[in-house]
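A.B. asks: how does the following fold in three dimensions:
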Amino acid sequence: MKKAFLPLWAAACVAAAPLTAQAQTRKPAAKPPVKTVAKPAPKPVVKPAAAAATPARPVAPAPAPTPTSASASAPAPAASAAVAAPAGAFGVGTNVVNLGIGLGNRYGYGTGFLGGSSSVSPALSVSYERGILPLGPGVLGVGAFVGYQGASYDLGSGDKWQYTDIIVTLRGAFHYPFLENLDAYGGVGVGLRHAGVSFEGSNVYDIGSTSGNEVAAGLFVGGRYFFTPGIGAFAELGYDQTYLKIGLSAKF
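C.D. replies: Okay, here's the model as predicted:
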């Protein structure tokens, strides 16, 4: 019996040998790999030697800001010196109005005629002037003048002649800056004079009313002194309607 069992055991061992060898040679299952978080790559460091190899370009200074105040429109001192009027009470762009009273009269109103007597009222005048151009050390001004004067010639017994005298001229004057508040000037005026006469009284000397126009021209010199920046007084000698004018001046 033992001999019969041996072949069977041997056969079983032979059959089981491949399974045992296969079991011994089988490797255990591999574990899943552990994921690792990649670190960010470090930033490249600029070496001082490399930075020094290329010299830095100089940075241009920032432009000066443009002024926005009222002083931005003022011209530069060097440029303004060539065109600005000299300092004084009257300059380029200055406007002046004179209100005056004239004393004396240039024209005769029948004095000594027929033994009568004449009287002349003070002349009232208004003038305007504006500085327009630097001229040498001073300023050239132009403007206009209007004056009115009345007169009468009394013949006696209620007979009288009445005169009216109106003069309108254009003026040009040179102004010299003597002092800061003093405006000294001299010039010439050319225009028209309108003279009229009418009679009052009896018919003995009545010649009706008449009038006429003629060219009027004259020279004048004067001065204005300003007590404040805008108000002053003036005096003027001339040969236009009256020989002397005095009054007030307004500057703006």
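A.B. asks: contact partners for residue 217?
C.D. replies: 169, 188, 189, 190, 191, 240 (CB atoms under 8 Å, 6 or more residues apart in numbering). Yep, even glycine has a C-beta here, placed from its N, CA and C like the rest.
A.B. asks: likewise residue 168?
C.D. replies: Residues near residue 168 by CB under 8 Å, 6+ apart: 144, 145, 146, 191, 192, 194.
A.B. asks: that's a strand at it, yeah?
C.D. replies: Yes - assessed by DSSP: H, G, I helix; E, B strand; the rest coil, residue 168 belongs to a strand.
A.B. asks: what is the neighbour count of residue 138?
C.D. replies: For residue 138, the count of nearby residues is 23 (other CB atoms under 10 Å).
A.B. asks: hmm, it is touching residue 177, no?
C.D. replies: Yes - counting by CB atoms under 8 Å, residue 138 touches residue 177, with 6.4 Å between them.
A.B. asks: find the nearest non-adjacent residue to residue 247, please.
C.D. replies: Closest residue in space to residue 247, ignoring its immediate chain neighbours: residue 100 at 3.2 Å, by CB to CB, 6 or more residues apart in numbering.
A.B. asks: show me what the one you found is bridged to.
C.D. replies: Here residue 100 sits in beta bridges with residue 125, residue 247, going by DSSP bridges.
A.B. asks: does it touch residue 234 like I think?
C.D. replies: Yes - counting by CB under 8 Å, residue 100 touches residue 234, with 7.0 Å between them.
A.B. asks: okay, and the common contacts of the two?
C.D. replies: Going by CB under 8 Å, 6+ apart, residues that sit against residue 100 and also against residue 234 are 245, 246, 247, 248.
A.B. asks: mind putting those into a markdown table with distance to residue 199, pLDDT and neighbour count?
C.D. replies: Output for the shared contacts of residue 100 and residue 234, formatted as a markdown table (distance: CB to CB, whole Å; pLDDT from 0 to 100; neighbours: other CB atoms under 10 Å):
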| residue | distance to residue 199 | pLDDT | neighbour count |
| --- | --- | --- | --- |
| 245 | 30 | 95 | 27 |
| 246 | 33 | 97 | 14 |
| 247 | 33 | 97 | 18 |
| 248 | 37 | 98 | 14 |
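A.B. asks: just the closest of those to residue 198, please.
C.D. replies: residue 245 (26.6 Å; CB to CB).
A.B. asks: which strands and helices sit next to the helix or strand residue 139 falls within?
C.D. replies: Residue 139 belongs to strand 138-156 when assigned by DSSP states H and E. Applying 3 or more CB pairs under 8 Å, 6 or more residues apart in numbering; DSSP states H and E, one finds that strand 138-156 contacts strand 117-120, strand 123-135, strand 159-176, strand 182-200.
A.B. asks: which of those strands sits closest to residue 96?
C.D. replies: Here strand 123-135 is closest among those (CB to CB), at 5.1 Å.
A.B. asks: for the closest one, packing partners?
C.D. replies: Against strand 123-135 (3+ CB pairs under 8 Å, 6+ apart) you get strand 95-103, strand 138-156, strand 159-176, strand 244-251.
A.B. asks: change it to 10 Å
C.D. replies: Counting contacts by 3 or more CB pairs under 10 Å, 6 or more residues apart in numbering; DSSP states H and E, strand 123-135 is packed against helix 77-83, strand 95-103, strand 138-156, strand 159-176, strand 182-200, strand 231-238, strand 244-251.
A.B. asks: lowest-confidence stretch among these?
C.D. replies: Out of those, helix 77-83 stands lowest, with a mean of 42 (criterion: mean pLDDT).
A.B. asks: in TSV: the helices and strands packed on strand 123-135, plus distance to residue 223.
C.D. replies: Converted to TSV, these look like this (distance: least, CB to CB, whole Å):
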stretch	distance to residue 223
helix 77-83	26
strand 95-103	12
strand 138-156	13
strand 159-176	10
strand 182-200	5
strand 231-238	6
strand 244-251	10
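A.B. asks: quick check: end-to-end length of stretch 195-215?
C.D. replies: End-to-end distance for stretch 195-215: 11 Å, by CA to CA, to the nearest Å.
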